[in-house]
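Novice: build the 3D model from these lines:
(2 chains)
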Amino acid sequence: MSPAELTVAEASAAVARREVSPVELTDAVLARLDAVDGTLHAYATVIAGTARASAAEAEREIAAGRYRGPLHGIPFGLKDLIDVAGLPTGAGSQVRQGHLADADSAVAARLSEAGAILVGKTHTHEFAYGLTTPQTRNAWDPGRIAGGSSGGSAVAVAAGTALFALGTDTGGSVRVPAALNGVVGLKPTYGLISRHGVVPLSWSLDHVGPITRTVADAALVLPALAGHDPRDPASLPGAAFRPEPREDLRGLRVGVPVNHYFEHVDPQVEAAVRAAIGRMEQLGARLVEVEIPYSGFVQATQWGLMVPEATAYHERTLRSSPELYAPDVRVLLEAGALIPAADHVRARRARSLMRQAWTELFERVDLIAAPATPMTAVPAGQESAPWPDGTVEAVSDAYVRLSAPANITGVPALTLPAGHDEAGLPIGLQLLGRALSESLLLSVGQVCEQALGRAGTVAPVAA
Amino acid sequence: MTPSLTAQEAARWADRAGLPLARERHAVVAATADHIRAVVSTLRELDLGETAPGVLPAGWESADVAG
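Specialist: Numbers count the residues shown, from 1 in each chain, chains lettered A, B, ... in the order given. The predicted structure is shown next:
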């Protein structure tokens, strides 16, 4: 097995024991990248020379007894919305041609401080405003979408061209590609991870989150990222993360939604997720039926918040060079100028109602278990999803539908692999918890991934 | 149900919003804006009472980080 196929936990332990060196790890990841990225196109920019130099430096530090912790010497990718000093932040857009970041984003600086090795910047749907990432191919079937908008990050982790990666999530952009590529994605509590130096899509919905091959790996990466940052106005004071290992799920109250999350869901996805929930019950969890509050207003609230905020951010370039945006993004940004302020404020008030109702919901249950996406990865180019009742939904709307509640309310949500459909495509189980319950979410997620099996394997990409 | 925007109205609204649109953009932007407004306007059915925007529920910032 190539060291590129190691999980963060395995690689970290091997580095700490000096069984594998950061240089060997980085070389293995770069060799795999050379072999498969010509097919998958996960990366927008690869900095092989810099990565090798950083790996050599990490190796010297570790040899000299200056081991920085579990991410020291671990190769990773960053979504190309996240600034790294001296590199372009392309944001998947012609609009950003010639851009060079003059400083590190908060998360890039934190990972650098932790000694992790940046391999490159991963493709994003243009400005994170879409759910497919058309530049990138699905790691399990190159004829299918990667999902988005953090498609490059999810595919890199799934394919073994990064041991972990960061994405951003405004309406599912970490969780959707993670689920569609059979890896783990965490959208943390709003405000837990700083967004300083990250190109925004919608300030009040944007989150940065890790994508890993296991939940255990997410629990290793999160502590390096979490923490207060006065440069992000949403950053929560005093927020941090402490791991909380557990053996089983005894005493845990798991909410199973009777509405929203199992409506218009592919039968194979539903079967896999219900089987995973059944496994949680066998492990001691008590299942509690819950009704998702205001479910009929999720899309309206998401759009009422996101659309005007996105247009506001892009206002200047939309005036000066609209032709540089891809057609799908341009028309959304232009149309956003026509949404009345009253509708936006109504969405902000609706969010307050939803947050309150979800807070009350989490007094009855410790977490909620649901599908991450209503369907597995669709073929590239497919734009609509027909449902058995005759309704037809835009593919992007379908993928956002089960993610948006956690963006609107700000509660943490984790997706982890829960099996495959008959075509061999990955299915994601989503766990949602109360605000700042990442420790519980990740410890429960680790119990689930142990029980569901196959955690940490890379996608069967033909090299 | 929100009345639909004509291409001319979209052009005028965009001008008023400070984002003049080229003529060939009027129809496609009107159609997209109509679709978005049809979705967003369902919030008018919601009784928002005295709810203020941007309010975090009690306990958010002091939530037990250990879960």
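Novice: tell me how many other residues crowd the closest residue to chain B within the stretch 1-150 of chain A.
Specialist: With Cβ to the nearest Cβ as the measure, A:Tyr129 is the residue of the stretch 1-150 of chain A nearest to chain B, at 12.7 Å. For glycine as for every other residue, the C-beta is placed from the backbone atoms N, C-alpha and C. Residues near A:Tyr129, counting by other Cβ atoms under 10 Å in any protein chain shown, number 29.
Novice: what do you get for A:Arg454?
Specialist: Residues contacting A:Arg454 under the criterion other Cβ under 10 Å number 10.
Novice: and for the one 4 residues further on?
Specialist: With neighbours defined by other Cβ under 10 Å, the count for A:Val458 comes to 22.
Novice: name the residues of the stretch 301-450 of chain A found near chain B, please.
Specialist: For the stretch 301-450 of chain A, the residues in contact with chain B (Cβ under 8 Å from any Cβ of the partner chain) are A:301, A:303-304, A:307, A:315, A:318-319, A:331-332, A:334-339, A:343, A:345-353, A:355-356, A:359, A:410, A:433-441, A:443.
Novice: distance-wise, check B:Gly18 relative to A:Val307.
Specialist: Using Cβ to Cβ, to the nearest Å, B:Gly18 is found at 16 Å from A:Val307.
Novice: those two - which one has more neighbours?
Specialist: Each of B:Gly18 and A:Val307 has its neighbours counted (other Cβ under 10 Å); A:Val307 has more, 28 against 10.
Novice: that one and B:His35 touch, don't they?
Specialist: No: the pair A:Val307 / B:His35 is not scored as a contact, 10.6 Å apart, by Cβ atoms under 8 Å.
Novice: and the helices in the chain?
Specialist: I went with chain A, as the question did not name one. With DSSP state H, the ranges of helices along chain A come out as A:8-16, A:22-40, A:48-63, A:106-113, A:151-159, A:175-180, A:215-225, A:267-282, A:298-320, A:327-336, A:341-364, A:395-401, A:404-409, A:438-452.
Novice: hmm, no, I was thinking of chain B.
Specialist: Counting by DSSP H, the segments of chain B that form helices are B:7-16, B:26-40.
Novice: can the shortest one be found next to chain A?
Specialist: Think helix B:7-16. Yes: contact between helix B:7-16 and chain A is present through B:Ala10, B:Trp13, B:Ala14 (criterion: Cβ under 8 Å from any Cβ).
Novice: among those residues, who's most crowded?
Specialist: Within those, neighbour counts (other Cβ under 10 Å) peak at B:Ala10, which reaches 25 neighbours.
Novice: that one touches B:Arg23, doesn't it?
Specialist: No: the criterion here is Cβ under 8 Å, and B:Ala10 misses it with B:Arg23 at 10.9 Å.
Novice: okay, now A:Pro230: neighbour count?
Specialist: Neighbours of A:Pro230 under the rule other Cβ under 10 Å: 9.
Novice: also the one 5 residues further on?
Specialist: When neighbours are counted by other Cβ under 10 Å, A:Ser235 registers 19.
Novice: centroid residue for the chain?
Specialist: Just going to use chain A. For chain A, the residue sitting closest to the mean C-alpha position, by Cα atoms, centre = their mean, is A:Val174 at 1.9 Å.
Novice: you looked at the wrong chain, it should be chain B
Specialist: B:Val40 (5.5 Å).
Novice: that one and B:Asp47, how far apart?
Specialist: When B:Val40 is compared with B:Asp47 (using Cβ to Cβ), they lie 17 Å apart.
Novice: show me where the stretch 151-300 of chain A has strands.
Specialist: Using DSSP state E, counting those that start in this stretch, the strands assigned to the stretch 151-300 of chain A run over residues A:164-169, A:184-187, A:207-212, A:253-257, A:286-290.
Novice: chain B: which of these is closest?
Specialist: When these are compared by Cβ to the nearest Cβ, strand A:253-257 sits nearest chain B, at 13.0 Å.
Novice: packing partners for the closest one?
Specialist: On a contact count with 3 or more Cβ pairs under 8 Å, 6 or more residues apart in numbering or on different chains; DSSP states H and E, strand A:253-257 meets helix A:267-282, strand A:286-290, helix A:341-364, strand A:367-371.
Novice: pull out the buried positions in the longest one.
Specialist: Taking 16 or more other Cβ atoms under 10 Å in any protein chain shown as the neighbour-count basis, helix A:341-364 is seen to contain the buried residues A:343-356, A:358-359, A:361-362.
Novice: do the same with the first one
Specialist: Along helix A:267-282, these residues count as buried under the neighbour rule (16+ other Cβ under 10 Å): A:Gln268, A:Val269, A:Glu270, A:Ala272, A:Val273, A:Arg274, A:Ala276, A:Ile277, A:Arg279, A:Met280.
Novice: present the residues you listed as CSV; the columns should include distance to A:Gly456.
Specialist: Output for those, formatted as CSV (distance: Cβ to Cβ, whole Å):
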residue, distance to A:Gly456
A:Gln268, 23
A:Val269, 22
A:Glu270, 25
A:Ala272, 18
A:Val273, 20
A:Arg274, 24
A:Ala276, 17
A:Ile277, 22
A:Arg279, 18
A:Met280, 20
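Novice: which one of those residues is nearest to chain B?
Specialist: Here the nearest of the buried residues of helix A:267-282 to chain B, counting by Cβ to the nearest Cβ, is A:Met280; it sits at 16.3 Å.
Novice: doesn't A:Ala369 make contact with the closest one?
Specialist: Yes: using Cβ under 8 Å, A:Met280 makes contact with A:Ala369 at a distance of 6.5 Å.
Novice: please enumerate the shared neighbours of the two.
Specialist: Residues touching both A:Met280 and A:Ala369 (Cβ atoms under 8 Å, 6 or more residues apart in numbering or on different chains) are A:Val254.
Novice: tally of neighbours for residue 50?
Specialist: Unless you meant another one, I'm taking chain A. Residues near A:Thr50, counting by other Cβ under 10 Å, number 16.
Novice: hmm, no, I was thinking of chain B.
Specialist: 5.
Novice: tell me how far it lies from chain A.
Specialist: B:Glu50 sits 10 Å away from chain A, going by Cβ to the nearest Cβ, to the nearest Å.
Novice: give me the pLDDT for that residue.
Specialist: Model confidence at B:Glu50, given as pLDDT, is 95.
Novice: what's the distance between it and A:Leu353?
Specialist: Counting by Cβ to Cβ, the gap from B:Glu50 to A:Leu353 is 11 Å.
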